[in-house]
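S.K.: Below are the sequence and a predicted model; questions follow.
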Amino acid sequence: MLVGYSSSSEEEEEEEEEGETEATAGNKSCSRKCQEEDDGNDGCPTRKKPKTEEQVPKTSRLPLPGCLLAMFPEEVDSQTEDSALHGGRVRSFKHERGNWATYVYLPYHPEEEFRELLEELLSAARARGVLLTPQEEFHLSVSQTVVLRHHWIQPFTQSLRAGLLHCKRFVCSAGRLRVYCNAERTRTFLGIEVCTGHAQLLELVQAVDRTMTEFHLDTFYKDPSFHVSLAWCVGDVTGQMKECIQELQSLVDDREEGPFLLRLDCTELRCRTGNKTFRFPLEPEHLT
């Protein structure tokens, strides 16, 4: 099954770099030391003066000490924008100081059977000329990736916690492979789609969307395909993936112990913003 959509979380990239922290001011400890280290010869040949001529101190500008430069970095670090440093991934939005890429998700903790299946899927795709990179971690997104200003983080997470207060724990499962491509057509993903627990996931999305609306951020997709992304590659290779998706699906279905079904215990929701992760435990079901 082939799906094109605006990707979230790990698909952004972007499912994945640390956020900027605000620059700290008032760093006084290094200024004297740096000034002393940078004083002196500027690297040019020394011109001999007549003995009778009084040596006049140079008036040329000294280079700004490195420790002071570090206090005021450029708005965009060129290394963070270099796709070669991130497996060829391209950001979906410009990286700026004070902006934190943020998304809400349910974590998935893979078991050994899942990892064995993933290796088989990657090998089969590779034989068809599609080189997939496995996800570093696995989760199911219930929000798009949005941008938070640093000073929004605390009220945003407080709003999430309040909205999720009465959401119950549940279990969902996934078993059908689907192909996804982000809106910019810069990355293609192999995912496994949810087949049970869809109604409970929609309830979580509604709670998260209320917070997104409160902060004037994008809400989730109108008709979402809930899934766990398994692997990705750079560029739009949906055509190639479509040609081999049935072969890959047979690896999921035709196992000795029966079709593989990914089971996700939804006991807590998480919000990742930059390099911070916030956890929101869901309410246990009460037995009557």
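M.R.: Now that the structure is in, tell me what you want to look at. Numbers count the residues shown, from 1 in each chain.

S.K.: where do the helices sit along this structure?
M.R.: Using DSSP state H, the helices of the chain run over 31-38, 66-71, 112-127, 153-163, 198-214, 238-253.

S.K.: Could you save the ones you listed as CSV and add columns showing distance to Leu262?
M.R.: No exception for glycine: its C-beta is placed from N, CA and C like everyone else's. Compiled in CSV, those are given as follows (distance: least, C-beta to C-beta, whole Å):
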stretch, distance to Leu262
helix 31-38, 54
helix 66-71, 45
helix 112-127, 7
helix 153-163, 25
helix 198-214, 14
helix 238-253, 9
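
S.K.: Least reliable of those helices by average pLDDT, please.
M.R.: Among these, helix 31-38 carries the lowest mean pLDDT, at a mean of 40.

S.K.: follow-up on the earlier one: nearest to Arg263, of the helices of the chain?
M.R.: Shortest distance between Arg263 and those, using C-beta to C-beta, is found for helix 112-127: 9.5 Å.

S.K.: helices and strands around the closest one, which ones?
M.R.: The contact analysis (3 or more C-beta pairs under 8 Å, 6 or more residues apart in numbering; DSSP states H and E) places helix 112-127 against strand 227-234, helix 238-253.

S.K.: so which of these is the most packed in?
M.R.: For those, the largest average neighbour count (mean count of other C-beta atoms under 10 Å) is found in strand 227-234, namely a mean of 21.

S.K.: quick one: it to helix 238-253, angle?
M.R.: If you take axes from the mean of the first three to the mean of the last three C-alpha atoms, to 10 degrees, strand 227-234 sits at 140 degrees to helix 238-253.

S.K.: per-residue confidence averaged over strand 227-234?
M.R.: Mean predicted lDDT for strand 227-234 stands at 98.

S.K.: Residue ranges in the protein under the pLDDT threshold?
M.R.: Residues of the chain meeting the criterion pLDDT under 70: 1-95, 286-288.

S.K.: could you pull out the strands for it?
M.R.: 2-4, 99-108, 133-134, 138-141, 146-149, 170-181, 187-196, 227-234, 262-266, 268-273, 276-281 (DSSP state E).

S.K.: got the contact list for the fourth one?
M.R.: Residues from elsewhere that reach strand 138-141, judged by C-beta atoms under 8 Å, 6 or more residues apart in numbering: 8-10, 103-110, 172, 194, 201, 226-230, 264, 270.

S.K.: follow-up on the earlier one: please name whichever of the helices and strands packed on helix 112-127 is nearest to Ala124.
M.R.: Nearest to Ala124, of all the helices and strands packed on helix 112-127, is helix 238-253, at 5.8 Å by C-beta to C-beta.

S.K.: What helices and strands are in contact with the closest one?
M.R.: strand 2-4, helix 112-127, strand 170-181, strand 187-196.

S.K.: which parts of the second one are buried?
M.R.: Looking back up the chat, that one is helix 112-127. Residues of helix 112-127 classed as buried: Phe114, Leu117, Leu118, Leu121, Leu122, Ala124, Ala125 (neighbour count, 16 or more other C-beta atoms under 10 Å).

S.K.: For the fourth one, which non-adjacent residue is spatially closest?
M.R.: Closest residue to Leu121 in three dimensions, ignoring its sequence neighbours and counting by C-beta to C-beta, 6 or more residues apart in numbering: Leu248, at 5.4 Å.

S.K.: Over to the fifth one?
M.R.: Of all residues not flanking Leu122 in the chain, Leu132 sits nearest, at 5.3 Å (C-beta to C-beta, 6+ apart).

S.K.: and Thr133, how far is that from Trp232?
M.R.: 6 Å (C-beta to C-beta, to the nearest Å).

S.K.: whoops, I mixed them up, Tyr221
M.R.: 19 Å.

S.K.: ditto for Glu247
M.R.: Applying C-beta to C-beta to Glu247 and Trp232 gives a distance of 19 Å.

S.K.: which residues does the closest residue to Gly163 other than its chain neighbours contact?
M.R.: Excluding the flanking residues, the one nearest Gly163 by C-beta to C-beta, 6+ apart is Ala207, at 4.4 Å. Contact analysis of Ala207 by C-beta under 8 Å, 6+ apart lists Leu160, Gly163, Leu164, Cys167.

S.K.: quick one: contacts for the third one?
M.R.: With contact taken as C-beta under 8 Å, 6+ apart, Leu164 is in contact with Leu204, Ala207, Val208, Leu269, Phe280, Leu282.

S.K.: which residue packs closest to the last one, ignoring adjacent ones?
M.R.: Taking C-beta to C-beta, 6+ apart, and ignoring the residues beside it in sequence, Leu282 has Arg169 as its nearest neighbour in space, at 4.5 Å.
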